[in-house]
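Student: Sequence plus the predicted model coming up.
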Amino acid sequence: MGDLHREMDVVVLENLPWGVRVHIDGGGEGMIDKTKTSSWNAGSDAGPEVGEVLRVVVLDDGRLPWRLSALTKDIELARKLRR
């Protein structure tokens, strides 16, 4: 634990029916629920492209893989909470 609300860039590894599997720099993987990506929220069925870099924030560092969000509102909230 200790990475809650951390902001970082991740690379999309795979689109799944329920979300996106991503690579976290330094090793490890994260999961972004499809409701936490702007591409699916904009109505795209494809989600982000494999290899695409996304700016995310850690929502849950107590589970493996970590649960992340790429939504601007979650990133802004995490920034406020880190202050």
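Tutor: Sure thing, it's come through.
Student: all contacts plus neighbour counts: C-alpha atoms, from now on.
Tutor: Fine.
Student: can you pull out the helices in the chain?
Tutor: 38-41, 72-82 (DSSP state H).
Student: burial of M31, as a residue count?
Tutor: Using other Cα atoms under 10 Å, M31 has 23 neighbouring residues.
Student: One more: the one 4 residues further on?
Tutor: Residues contacting T35 under the criterion other Cα under 10 Å number 14.
Student: And the lengthiest strand in the chain, what does it pack against?
Tutor: As assigned by DSSP state E, the longest strand anywhere in the chain is strand 7-16. In terms of contacts (3 or more Cα pairs under 8 Å, 6 or more residues apart in numbering; DSSP states H and E), strand 7-16 is packed against strand 19-24, strand 53-60.
Student: Name the strands paired with the longest one and say parallel or antiparallel.
Tutor: This means strand 53-60. strand 7-16 (antiparallel), strand 66-69 (antiparallel) (DSSP bridges).
Student: can you pull the buried residues of that strand?
Tutor: Within strand 53-60, the residues that count as buried by 16 or more other Cα atoms under 10 Å are L54, V56, V57, V58, L59, D60.
Student: Adding pLDDT and distance to H5, write those out as TSV.
Tutor: Formatted as TSV, the buried residues of strand 53-60 follow (pLDDT from 0 to 100; distance: Cα to Cα, whole Å):
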residue	pLDDT	distance to H5
L54	96	15
V56	97	9
V57	97	6
V58	96	5
L59	97	6
D60	96	8
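Student: I appreciate the help and will end here.
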